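K.L.:
Here you go, sequence then predicted model.
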Amino acid sequence: MADMAWVPTTMLDRKFVPRGVTRCTPARFSLWLTPWCLLLGLGLWAAYLCLRDGLLHTNMDNRFAFGLWIFLDLAIIAFGGGAFFSGVLLYFFKLKELNAVIRSAVLIGFLCYSGAVTVLAIDVGQPLRAWFTFWHPNAHSMLTEVTFCITLYLCVLAVEYLPVLLRNRQFRKIPSFLVFEWELHKLIPVLAGIGAFLSFFHQGSLGGLYGVLRGRPFAFRESFGIWPTTFFLFVLSAMAVGPSFLLIMTRVAEWVTRKRLVLESVYVRLARVSGWMLTFYVLLKSIDTMVWLNSTSRRGGFLPWEYYSWEPFGVWILFVEIGLFGFVPALWLMRAGKVNTSWLIAPALLACAGVALNRYVLTVQTLSLATLPFDEFLSYTPSWQEVAVFGGVVAYGVIVYSVLYRYTRLFPQEQER
Amino acid sequence: MFPGVNGFHWSPVHIIFLSAFGLVLSVLLVTLAVAFFRTLRDVRSGRAGAIAWHCDFEDLPRQERLCRHAFEGAAPGRLCDRGFDCRDCETHPKFATIETRWPVTLPAGLEYPETRLYHRGHTWVEPQPDGTALIGLDDLGARVFGAPEVVELPAPGTKLSVNGAAWRMMRNGASVSVRSPLEGEVIAHGAPGGQWQLRVKPEAGERAFRHLLSGAEAHAWVNAETDRLMILLSSTPTGAALADGGALVADLHQALPDAPWDEVSAAMFLNC
């Protein structure tokens, strides 16, 4: 009976799987999805509690207003930067190897951005008034710019991914869908251009949010024109880790599916691009840090060691971010092609850890440090609801990526092996 | 955000903000609208079939995109990059002059008359003295799909494009779109169960048939297709596992009812 029950499921499943590639059985796929669905369910429950009762379910307060969620937002938006940067490299700089991962890059970008928007919506709360931010925006606020850019870019990513969905085995039976896909695909460079424009501003404005905090000397930075240096550092760091994150995700997808999904040359290209961008970023970050410690901060009345005298935020954190997670992976990634490609995931992980640490430091350390004489050093530990929402977003990404990997052709080179 | 809404001022910041995001949103919507209207234009001008084939061809597995000259050894392993449309291919005449290296015999039991021309989607074309051409399923295609339960033929007067959809066949839930071997107008339908399905008025001249296979070249291709069919029908990923020798039965669908026919038919008839 059990076998008979599976037959229709299997047949239906096969009708949606792209031809020319193999996929595991529906039963095995369901087994893979089960823990992620449970995690997503827990995340949804926690999100419901937060939206119903407000932020009292979190360990944030008026003094510690940014926590795990904002860190998650900043990190995954930086990782999702691979979508816009890969598009620019492919459509404007003609790096044709990236054709092999562009669909995956767009999907990862979409998942990162939609996850970030969801978490931001839970963090802001008041879901019934969510439209206020669009209808009554504060045009002077960088957060407003971020909100508009992210929302629009999410729409761009959805449209960019539409052609891949329309190539699904069942959709393509309607010839008009394929023709629309073809015509839309011809206009993709326009969308890639918009994506680059929006990404430049929202990645930058996320950094700019911290750089303009005059009352927080740990985050405040010098400005170029209207933008603080963190604006440019955030853009550069997203461009640096985007390809690294794409490399990691592709390698992980290969491990999970036990298949070769792209040619080794694609990994080499991603690693080199990431390596060069990371080198440029780390150099500028080092200069920025020196200027901040020796000039900006002193003018604000703070000496460098004052920031690092509070445990656990010792000076080690600065050296780990710039050295271990910065220069080391940059040099390693630049040597791609001369080192074993299988090991490239290690520097890519280090690079992503560096940018995640950067976002963590700017979010949590900035708020923890005392700035006024009567202030105290604050500590913050996320509540289970915050962690559950975090896990739910990760689970959402894994589930959607897995389903779309199964039913669309995410990696065109997959069938070539 | 908008003029008239509480909080909006006619200040440079508000105007720049509104203009920048309005422009981005407009470009996004205009892009979608352009793609939509171009789609309508393509469908109305009859280019939909050719465009859909272009998309399908890109997604065909590698072994299904081999150049016609790969089968008989003139260009081993070469992939076609023109969607099986050799009519204006620059390299096709060069390969055509190369003497084939591999002797070819047709698989036992299959009939591929020399008077017919063959398309990679398993159809044959027989030019008629009156300038029309008959189109039908080739022997291997007919044995693979067997007797279809439903055949949806295009109405007389329909314009066909090379590699576009010619007609649709269904059997036991498996549905395939048979690719048109010619560009032209449908003149008439064949009798149900008869040898030919469509009579078509193709474009004049030899160019209309240049992309079709014939003679030894067709035999080499059929050999490769038979091997591919065996691999598709084998239940393990080890490759062909059928015993050598013997002839293919007339209705494989009936002989192997548990085979994944949706998948096999799609592969043999170049569907995605």
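P.N.:
It's in. Residues are numbered from 1 along each chain as shown, chains lettered A, B, ... in the order given.

K.L.:
Okay, the closest residue to chain A within chain B and B:Ala188: tell me how far apart.
P.N.:
Proximity of chain B to chain A (CB to the nearest CB) peaks at B:Pro61, 3.6 Å away. Backbone N, C-alpha and C define where each C-beta goes, glycine included. Separation of B:Pro61 from B:Ala188 (CB to CB, to the nearest Å) stands at 35 Å.

K.L.:
A:Gly314 in helix, strand or coil?
P.N.:
coil (DSSP: H, G, I helix; E, B strand; the rest coil).

K.L.:
can I assume it is in contact with A:Tyr308?
P.N.:
Yes: A:Gly314 lies in contact with A:Tyr308 (CB atoms under 8 Å); the separation is 5.6 Å.

K.L.:
about what we covered before: I'd like to know how many residues surround the residue of chain B closest to chain A.
P.N.:
Counted with other CB atoms under 10 Å in any protein chain shown, residues neighbouring B:Pro61 total 15.

K.L.:
ditto for A:Gly204
P.N.:
By other CB under 10 Å, the residues close to A:Gly204 number 25.

K.L.:
Equivalent analysis for A:Pro373, please.
P.N.:
Other residues close to A:Pro373 by other CB under 10 Å number 5.

K.L.:
That one: which element?
P.N.:
Counting by DSSP states H and E, no helix or strand carries A:Pro373.

K.L.:
so what's it up against?
P.N.:
By CB atoms under 8 Å, 6 or more residues apart in numbering or on different chains, A:Pro373 lies in contact with nothing.

K.L.:
could you measure it against B:Asp88, distance?
P.N.:
The value you get for A:Pro373 to B:Asp88, if CB to CB is used, is 82 Å.

K.L.:
what's the answer for A:Thr34, then?
P.N.:
Counting by CB to CB, the gap from A:Thr34 to B:Asp88 is 54 Å.

K.L.:
now do B:Ser234
P.N.:
Taken as CB to CB, the span from B:Ser234 to B:Asp88 is 38 Å.

K.L.:
and if you look at A:Pro217?
P.N.:
69 Å.

K.L.:
Compare those two (neighbour count), which wins?
P.N.:
With neighbours defined as other CB under 10 Å, A:Pro217 and B:Asp88 compare such that A:Pro217 has more, 20 against 10.

K.L.:
Is it correct that the more buried one is in contact with A:Arg298?
P.N.:
No: with contact defined as CB under 8 Å, A:Pro217 does not reach A:Arg298; the gap is 9.6 Å.

K.L.:
In which helix or strand does residue 246 reside?
P.N.:
This is for chain A. Using DSSP H and E, the element containing A:Leu246 is helix A:229-257.

K.L.:
just checking, B:Asp42 touches A:Glu183?
P.N.:
Yes: B:Asp42 is in contact with A:Glu183 according to CB under 8 Å; the separation is 7.0 Å.

K.L.:
Show me the beta-bridge partners of the closest residue in space to A:Val212 that isn't next to it in sequence.
P.N.:
Leaving aside its chain neighbours, A:Val212 sits nearest to A:Pro228 (5.7 Å; criterion: CB to CB, 6 or more residues apart in numbering or on different chains). Judged by DSSP bridges, the bridge partners of A:Pro228 are A:Ser223.

K.L.:
Tell me the confidence at A:Pro228?
P.N.:
Looking at A:Pro228, its pLDDT reads 93.

K.L.:
For burial, what's the neighbour tally of it?
P.N.:
25.

K.L.:
Would you mind measuring from it to A:Phe197?
P.N.:
20 Å.

K.L.:
cool, and A:Met239?
P.N.:
14 Å.

K.L.:
Which one of these two is surrounded by more residues?
P.N.:
Comparing A:Met239 with A:Phe197 by other CB under 10 Å, the one with more neighbours is A:Met239, at 27 against 19.

K.L.:
pLDDT score for the more buried one?
P.N.:
94.

K.L.:
And for the one 3 residues further on?
P.N.:
A:Gly242 carries a pLDDT value of 93.

K.L.:
Need the three-state assignment for the residue nearest to it when sequence neighbours are not counted.
P.N.:
Excluding the flanking residues, the one nearest A:Gly242 by CB to CB, 6+ apart is A:Gly82, at 3.0 Å. At A:Gly82 the chain is in helix, as set by three-state DSSP.

K.L.:
Pretty sure B:Ser180 sits against B:Ala52.
P.N.:
No: assessed by CB under 8 Å, B:Ser180 is found out of contact with B:Ala52, at 11.7 Å.

K.L.:
Give the residues shared as contacts by those two.
P.N.:
Common neighbours of B:Ser180 and B:Ala52 (CB under 8 Å, 6+ apart) are B:Gly164, B:Ala165.

K.L.:
what sits against whatever residue of chain A ends up closest to chain B?
P.N.:
As assessed by CB to the nearest CB, chain B sits closest to A:Gly20 within chain A, at 3.6 Å. Going by CB under 8 Å, 6+ apart, A:Gly20 touches A:Gln415, B:Asp59, B:Leu60, B:Pro61, B:Glu64, B:Ala267.

K.L.:
Kindly recompute the last result at 10 Å.
P.N.:
A:409, A:414-416, B:59-64, B:263, B:266-267, B:272 (CB atoms under 10 Å, 6 or more residues apart in numbering or on different chains).

K.L.:
re earlier: need the contact list for the residue nearest to A:Val212.
P.N.:
Contacts of A:Pro228 (CB under 10 Å, 6+ apart): A:142, A:204, A:207-213, A:219-222, A:288, A:296.

K.L.:
residue contacts, the closest residue in space to A:Tyr407 that isn't next to it in sequence?
P.N.:
Among residues not flanking A:Tyr407 along the chain, A:Phe16 sits closest, at 4.7 Å (CB to CB, 6+ apart). Contacts for A:Phe16 (CB under 10 Å, 6+ apart) come out as A:Arg23, A:Asn168, A:Arg169, A:Gln170, A:Phe171, A:Val403, A:Arg406, A:Tyr407, A:Thr408.

K.L.:
can I get the residues you listed in JSON lines with secondary structure, pLDDT and neighbour count?
P.N.:
Output for the contacts of A:Phe16, formatted as JSON lines (DSSP: H, G, I helix; E, B strand; the rest coil; pLDDT from 0 to 100; neighbours: other CB atoms under 10 Å in any protein chain shown):
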{"residue": "A:Arg23", "secondary structure": "coil", "pLDDT": "89", "neighbour count": "17"}
{"residue": "A:Asn168", "secondary structure": "coil", "pLDDT": "86", "neighbour count": "18"}
{"residue": "A:Arg169", "secondary structure": "coil", "pLDDT": "84", "neighbour count": "20"}
{"residue": "A:Gln170", "secondary structure": "coil", "pLDDT": "84", "neighbour count": "10"}
{"residue": "A:Phe171", "secondary structure": "helix", "pLDDT": "86", "neighbour count": "14"}
{"residue": "A:Val403", "secondary structure": "helix", "pLDDT": "95", "neighbour count": "13"}
{"residue": "A:Arg406", "secondary structure": "helix", "pLDDT": "94", "neighbour count": "20"}
{"residue": "A:Tyr407", "secondary structure": "helix", "pLDDT": "92", "neighbour count": "18"}
{"residue": "A:Thr408", "secondary structure": "coil", "pLDDT": "90", "neighbour count": "22"}
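
K.L.:
Show me the two of those residues that sit farthest apart.
P.N.:
A:Arg23 and A:Phe171 (17.6 Å; CB to CB).

K.L.:
so where's the chain shaky on pLDDT?
P.N.:
Reading this off chain A. By pLDDT under 70, the weakly predicted segments of chain A are A:1-9, A:415-417.

K.L.:
Please refer instead to chain B.
P.N.:
For chain B (pLDDT under 70), the answer is B:1, B:100-103, B:235-245.
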